[in-house]
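**Q** structure of the sequence below:
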Amino acid sequence: MLSRVVLALSFAAATLATSLPADLPPFNSSLFKDLNVTRGFVYHYYASPADAGKPTLVFLHGFPSTSYDWRHQVSFFQDKGYGLIVPDMLGYGGTAKPLDPEAYAPSLISRDIVDILDAEGLQQSVLIGHDWGAKIASRLANYFPQYFNSYAFLAVGYTTPNSFALPFSEQNNASRAVLGYENFGYWDFFSSDGADQIILDNLDSFFDIAFPKDTVFTIKDFAPLGTIGDFIRNGRRITPGDFVTPEERAIQMELLRQGGFAAPLNWYKILTTSIERDDDQGIPSENAVLKKPVFFGAALRDYVALAATFIAAALQNSNDTLTIHQYDSGHWVQLEVKDEVNSDLLQWIEGLKLDV
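**A** Numbering: from 1, shown residues only. Below is the predicted model of the structure:
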């Protein structure tokens, strides 16, 4: 399989400035790797080998995050002998940070992840995604279903090929008509010139609203058009969620401060332009409906990624067994209700009775 792509793999621990600290539990610094994927970008990822008879789990994070987002899942599943592949996604941590939005097309990032799996010799894995990591998990299911035996989506569910068919302005009009607010209106600020520096200049304000204790603030000060930019520029503060400790917040903030936000915000620029919409035209129609077991962990207090919308999409686009858990949680289910999520994922994976 390795002969299909030209891969340069470094087995040394991370040396990039925006990588996780070497002694940060539960990550074992000796298990971090760097890989030059086919299109020339370096991906930094955590690779913990599976015990005999155990499958490998692939965890994909979203915005604004790094592999550190999965710390509770790494600890839980690593101790039980499961294999783990946990990359810093494009634009984050120790992975490359291209500034051209075109580099963030989901089909290209999906190929990057497959390059990692090829380098590790993995032909069948359990794929788990949160936030934009769930979107990439969706595209991996569309483009490369042969690499996976099951899919799990957290907070953001299976993202169908026509999810971004409407131009951004029309999406805002549609959501305003139904919800009374634009649940994706914040994309406008994240796509605007200078947003990266505004966030860096007011990082505490940004983290408060991105990880709030009371998620109702997302309806007032995050999602609707124009609100999050004003919130951050004015350095406003609200009570952050206690599911991220002060020490964990400091680590997250430092990783993002060092790497900057110019690259991560490209995940939004592809949505407010036609890049993502055009890219999705290449999805094979025969793979639009998922034909492997699916797990969806819905966040009932997420007012941006609406649970009801993704539950409906899962019901309509799954041809195999579908498992749905609904959590009394905001967007960060893997952090806020980590024990429930870990237990439910474990029960689901064990129930699949995978032939490893």
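
**Q** can you tell me the SS state at G40?
**A** Assigned state for G40: coil (three-state reduction, DSSP: H, G, I helix; E, B strand; the rest coil).

**Q** compute the number of surrounding residues for it.
**A** One way to gauge burial is a neighbour count; for G40, by other C-beta atoms under 10 Å, it gives 9. All C-beta atoms are positioned from the backbone trio N, CA, C, and that covers glycine.

**Q** please apply the same query to S75.
**A** Residue crowding around S75 was assessed by other C-beta under 10 Å; the count is 15.

**Q** tell me if it really is in a strand.
**A** No. The assignment for S75 (three-state DSSP) gives helix, which keeps it out of a strand.

**Q** okay, the closest residue to it other than its chain neighbours: pLDDT?
**A** The spatial neighbour of S75 that comes closest, neighbours along the chain excluded (C-beta to C-beta, 6 or more residues apart in numbering), is P26 at 3.8 Å. In the prediction, the pLDDT value recorded for P26 is 93.

**Q** equivalent analysis for V42, please.
**A** Note on V42: pLDDT of 99.

**Q** so which strand or helix has the closest residue to it other than its chain neighbours?
**A** Closest residue to V42 apart from its sequence neighbours, by C-beta to C-beta, 6+ apart: A96 at 5.0 Å. Using DSSP states H and E, A96 is not contained in any helix or strand.

**Q** check F295 too.
**A** When secondary structure is defined by DSSP H and E, F295 falls within strand 294-299.

**Q** let me know whether the residue nearest to S75 touches Q78 as I believe.
**A** Yes. Under the criterion of C-beta atoms under 8 Å, P26 makes contact with Q78 at 6.3 Å.

**Q** okay, those two: which has more neighbours?
**A** More neighbours sit around Q78 than around the other of P26 and Q78, counting by other C-beta under 10 Å; the figures are 20 against 16.

**Q** hmm, back to that, residues contacting the helix or strand following the strand holding F295, please?
**A** Scanning the chain past strand 294-299 towards its C-terminal end, the next helix or strand to appear is helix 307-316 (assignment: DSSP H and E). Contacts to helix 307-316, defined as C-beta atoms under 8 Å, 6 or more residues apart in numbering, come from residues 153, 156-160, 294, 296, 298-300, 322, 324, 326.

**Q** which parts of helix 307-316 are buried?
**A** When burial is assessed from 16 or more other C-beta atoms under 10 Å, helix 307-316 yields the following buried residues: 307, 309-311, 313-314.

**Q** same check, this time on stretch 244-254
**A** Under the neighbour-count criterion of 16+ other C-beta under 10 Å, stretch 244-254 has 244, 248-249, 251-252 buried.

**Q** and stretch 340-347, by the same measure?
**A** Within stretch 340-347, the residues scored as buried using 16+ other C-beta under 10 Å are 341-342, 344-345.

**Q** just checking, next helix/strand downstream of the lowest-mean-pLDDT helix or strand in the chain?
**A** Every helix and strand in the chain was compared by mean pLDDT, DSSP states H and E; the lowest is strand 8-10, with a mean of 33. On the C-terminal side of strand 8-10, the nearest following helix or strand under DSSP H and E is strand 32-36.

**Q** so in that sheet, which strands flank that next one, and in what orientation?
**A** Each strand that pairs with strand 32-36, with its direction, by DSSP bridges: strand 8-10 (antiparallel), strand 42-48 (antiparallel).

**Q** chain center to it, what's the gap?
**A** The offset between the C-alpha centroid of strand 32-36 and the centroid of the whole chain comes to 19 Å, using C-alpha atoms, centre = their mean, to the nearest Å.

**Q** please work out the average pLDDT along that strand.
**A** The predicted model gives strand 32-36 an average pLDDT of 98.

**Q** can you show me the strands along the stretch 251-356 of the chain?
**A** With DSSP state E, counting those that start in this stretch applied, the stretch 251-356 of the chain shows strands at 294-299, 322-327, listed in chain order.
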